[in-house]
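Q: What would the 3D arrangement of this be:
(2 chains)
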Amino acid sequence: MAAVDPNFRVKGTIAAPLTSFTQDGELDLSDMPTYVRFLDTHDIDGVFILGTMGEGMSLTVEERKKIAEEWVKATKTTQRLKTVVVHIGTGNLKESMELAQHAEKIGANAIACMSPNYNKPKDEEALVKYMKKVAAEAPKTPFYLYDINFMTGVYLNTARFLELATGQIPTLRGAKVSSRELPALTDCTYAVGGRYQIMIGTDEQMLTALALGVDVPVLNGFLGGIFTRLKAAFDAKDFDTARKEQILARKLVLERGRYGGGPPMVKSIMRCLGVDIGHVRLPLTDLTSEQEKNLRQDLIDIGFIEK
Amino acid sequence: MEDFKLTGVLPATFTPMKANGDVDYDKIDEYCEFLSREGIRQIYVNGSTGEGPSLTAEERMRLTECWVKYGKKNGRLSKIIIQVGGTCLKDSITMAKHAETIGADAISTLPPLYFPVATPQDLVEHVRAVAAAAPTIPMYYYHIPFRSGVNINMEQFLLAGRDVIPTLRGIKFSDKDLVQMCACLRTKDARGRNFNIVFGSDEQMLGAMALGADGAIGSTYNWMSGTFRRLLTRLDQGDLQAARLEQTRSQDVVKQVFAFGEKTNGTVSTLKVVMSLVGLDLGPVRGPMRELETKDKEAFFKALTDLGFMEWRKE
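A: I've put the predicted structure just below:
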């Protein structure tokens, strides 16, 4: 009997939540209850914490452990938001192994890990070897590769990783693909007889992903409603409505071009929605109040928020 | 701090490891002895060669303590620079503070390794935060765009940073853009001194020194500093042909390092194993890098020996 259910799947709509910092860049957990309540009441079934949007790489190992504990604790009192996937990828193997062990100890539903980005693995074999060591520290927890090539600079074939890892990583259940190449995503869906769960990490590809059978998105927390409507329309074969929702999500992403993407912009969007998730930590910098004012107007113009 | 200047040849040290991948702190004493015998008095610790980004913050701090303790013993090493950069600013600040407390002579930092900085101002903001944690020792920015992915113009960085980072002393310039390097050499700090520019590409060291770089930091200086000291002497004497000979020796060695490095997922592995050839086994490298297999290692050592490496590596 395998330690990890070979049919384990993350279900529903998963948010990649932000991490709140004070103006001085110190961790601020006081915003969490309000934030959890927002996600819990906005069509979110689970969270993928401490990834890129969560500024995971900017946090110390101790901070990441604390945040993981808080999220697991939070799910005890939520209504809908119950799944916690902990991203444990760091710059190095040792820290990821430590975080994997900790995630299992506190009862994370699954863990995910990105490739190290300074000393880069040159081929999929090296990546498998690395992830095998990480995953082994959490032998009872489903493991996902976090593939985000444009951030790590590691451009490997994820489908090939899944093939090579089969039999090597007993807890492997799939990949969260934030890399944007749709053909590569397609390859992941049918790798090894289609046994792996592929989650999509790109807000503008929710509809295209659904067409490939990828039905669990990891998206920004304010897109819960949009995805619910998009998926319902898709399931009902109402593709016009589905496309409309996707285009709205795409327009939100395009705001990146004016204000920069990532946590700074998303924190400002959350503030425009009435939820304050604090500041970002260096090297990221907040939007200026001028930029945030303009962003708010843009959100009104594209129909995302009311005046 | 006023007169602090890096000149000459400084090895970027490797991190000794045990067979199981743990750091071998006990080896540092022997390593300092080795460097001393090689004529080395200054080192750069926990950089790329030292596999800094593959080590935890705790390991890096413990290494710092060992390097300072054993390095300063009997006055063996006069300048120890600690690289404190990584993906997490908070860790860098902790390490910078620690380095200053322990008695390191200077610190250095990579740019942030995950979220890219896009402008000189953003980079200055980051480096300023790290430098502020060690206000009494000099800071050197570690410019290595082909590894870090951050390729900000260094002249602009110095101009933007000189009034904002009081301890900014210079750059470890690990890029082949010598025009940009020269621009940095001609840039003056807030006190009107030239910035201290140390070059980081061993295979082109002669070119950089001829253009006025103050010194050089690199991995090959661990085991062939003699070659480079001769190079600098010849350059000083105006004997370019002899200086070029030393540089081509270096290039021939580096060619082998890269050729065999195809099999190891990173050249730090092949660079590190050369230490075994010259008498100090520093153990394996950390994943995702690999070791050379025995037959490849033997072929690598033979290639170096056939070049005459064992003869001309020493002074």
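Q: quick one: contacts of the helix or strand bottoming out on mean pLDDT in chain A?
A: Within chain A, no helix or strand scores below helix A:256-259, which has a mean of 87 by mean pLDDT, DSSP states H and E. Residues outside helix A:256-259 that contact it (C-beta atoms under 8 Å, 6 or more residues apart in numbering or on different chains): A:262, A:265, A:268, A:287, A:291, A:294-295, A:298. To be clear about C-beta, it is placed using only N, CA and C from the backbone, and glycine gets the same treatment.
Q: just checking, which of those residues belong to helices?
A: Using DSSP state H, the subset of the contacts of helix A:256-259 located in helices is A:262, A:265, A:268, A:291, A:294-295, A:298.
Q: just the residues you listed: which has the poorest pLDDT?
A: Least confident of these in the model: residue A:262, at 93.
Q: my read: it touches residue A:53, true?
A: Yes. Judged on C-beta atoms under 8 Å, residue A:262 makes contact with residue A:53 at a distance of 7.1 Å.
Q: Comparing these two, which residue is more hemmed in?
A: Comparing residue A:262 with residue A:53 by other C-beta atoms under 10 Å in any protein chain shown, the one with more neighbours is residue A:53, at 25 against 16.
Q: Those residues of the stretch 1-150 of chain A touching chain B, which are they?
A: Within the stretch 1-150 of chain A, the positions lying close to chain B (C-beta under 8 Å from any C-beta of the partner chain) are A:25, A:55, A:57-61, A:63, A:90-95, A:98, A:115-123, A:126-127, A:129-130, A:133.
Q: just the helices in the chain please.
A: By default, I'm working from chain A. For chain A, applying DSSP H gives helices covering A:32-40, A:61-74, A:93-106, A:124-135, A:149-152, A:158-165, A:182-190, A:206-211, A:224-235, A:239-254, A:256-259, A:262-272, A:289-301.
Q: my bad, chain B
A: Counting by DSSP H, the helices of chain B are B:27-37, B:57-72, B:89-102, B:120-131, B:145-148, B:154-161, B:178-185, B:205-210, B:225-237, B:240-261, B:267-277, B:294-307, B:309-312.
Q: what mean pLDDT does the last one have?
A: This points to helix B:309-312. 96.
Q: Which positions within it qualify as buried?
A: The neighbour-count check on helix B:309-312 (16 or more other C-beta atoms under 10 Å in any protein chain shown) flags B:309, B:312 as buried.
Q: can you redo the helices of chain A as a markdown table with distance to residue B:105?
A: Output for the helices of chain A, formatted as a markdown table (distance: least, C-beta to C-beta, whole Å):
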| stretch | distance to residue B:105 |
| --- | --- |
| helix A:32-40 | 43 |
| helix A:61-74 | 28 |
| helix A:93-106 | 28 |
| helix A:124-135 | 35 |
| helix A:149-152 | 34 |
| helix A:158-165 | 44 |
| helix A:182-190 | 48 |
| helix A:206-211 | 53 |
| helix A:224-235 | 53 |
| helix A:239-254 | 47 |
| helix A:256-259 | 42 |
| helix A:262-272 | 36 |
| helix A:289-301 | 42 |
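Q: which of the ones you listed has the lowest average pLDDT?
A: Across these, helix A:256-259 has the smallest mean pLDDT, namely a mean of 87.
Q: List the buried residues in it.
A: residue A:259.
Q: what does stretch A:75-95 give?
A: Neighbour-count burial for stretch A:75-95, counted by 16+ other C-beta under 10 Å, picks out A:75, A:78, A:80-95.
Q: One more: stretch A:53-70?
A: For stretch A:53-70, the neighbour count (16+ other C-beta under 10 Å) marks A:53-61, A:63-65, A:67-69 as buried.
Q: Quick one: mean pLDDT over stretch B:79-86.
A: pLDDT averaged over stretch B:79-86 gives 97.
Q: ok, it near chain A or not?
A: Yes. Using C-beta under 8 Å from any C-beta, stretch B:79-86 reaches chain A at residue B:86.
Q: CA-only coordinates of that stretch in PDB, if you can.
A: What follows is stretch B:79-86, C-alpha atoms only, in PDB (Å, rounded to 0.1, in the frame of the first residue of the first chain):
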ATOM      1  CA  LYS B  79      41.800  40.100   4.000                       C
ATOM      2  CA  ILE B  80      38.700  37.900   4.200                       C
ATOM      3  CA  ILE B  81      35.700  39.000   2.100                       C
ATOM      4  CA  ILE B  82      32.400  37.300   2.800                       C
ATOM      5  CA  GLN B  83      29.700  37.000   0.100                       C
ATOM      6  CA  VAL B  84      26.300  37.300   1.800                       C
ATOM      7  CA  GLY B  85      23.800  37.500  -1.200                       C
ATOM      8  CA  GLY B  86      21.100  35.000  -2.000                       C
END
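Q: Can you name the residues of chain B sitting close to chain A?
A: B:48, B:51, B:53-57, B:59, B:86-91, B:94, B:111-115, B:117, B:122, B:125-126, B:129, B:147-149, B:265-266, B:268, B:286-290.
Q: On the pLDDT front, check the closest residue to residue A:195 other than its chain neighbours for me.
A: Leaving aside its chain neighbours, residue A:195 sits nearest to residue A:6 (7.5 Å; criterion: C-beta to C-beta, 6 or more residues apart in numbering or on different chains). We have a pLDDT of 93 for residue A:6.
Q: what's the neighbour count on residue A:6?
A: Around residue A:6 there are 11 residues (other C-beta under 10 Å).
Q: what does residue A:17 give?
A: Neighbour count for residue A:17, taken as other C-beta under 10 Å: 27.
Q: in the sheet, who's paired with the closest residue to it other than its chain neighbours?
A: In this structure, residue A:17 finds its nearest non-sequential neighbour in residue A:47, 5.1 Å apart by C-beta to C-beta, 6+ apart. Beta bridges link residue A:47 to residue A:15, residue A:84 when assigned by DSSP bridges.
Q: quick one: the residue of the stretch 151-300 of chain A found nearest chain B and residue B:110, what's the gap?
A: The nearest approach of the stretch 151-300 of chain A to chain B comes at residue A:283, 4.0 Å away (C-beta to the nearest C-beta). In this view, residue A:283 and residue B:110 are 11 Å apart by C-beta to C-beta, to the nearest Å.
Q: More neighbours: which of these two?
A: Legend: neighbour count by other C-beta under 10 Å for residue A:283 and residue B:110, higher for residue B:110 (27 against 23).
Q: Check what pLDDT that one gets.
A: Looking at residue B:110, the pLDDT reads 98.
Q: got a list of what it touches?
A: Counted by C-beta under 8 Å, 6+ apart, residue B:110 has contacts B:52-53, B:83, B:85-86, B:142, B:144, B:148.
Q: same thing but at 7 Å, please
A: Contact partners of residue B:110, counting by C-beta atoms under 7 Å, 6 or more residues apart in numbering or on different chains, are B:83, B:85, B:142, B:148.
Q: And residue B:309, by the same measure?
A: Taking C-beta under 7 Å, 6+ apart as the criterion, residue B:309 is in contact with residue B:253.
Q: now do 8 Å
A: Residue B:309 sits in contact with B:224, B:249, B:253, where contact means C-beta under 8 Å, 6+ apart.
Q: Residue A:205 reaches residue A:180, doesn't it?
A: Yes. The pair residue A:205 / residue A:180 is scored as a contact, 7.1 Å apart, by C-beta under 8 Å.
Q: So if I had to pick from the two, which one is more boxed in?
A: Neighbour count, other C-beta under 10 Å: between residue A:205 and residue A:180, residue A:205 has more, with 24 against 15.
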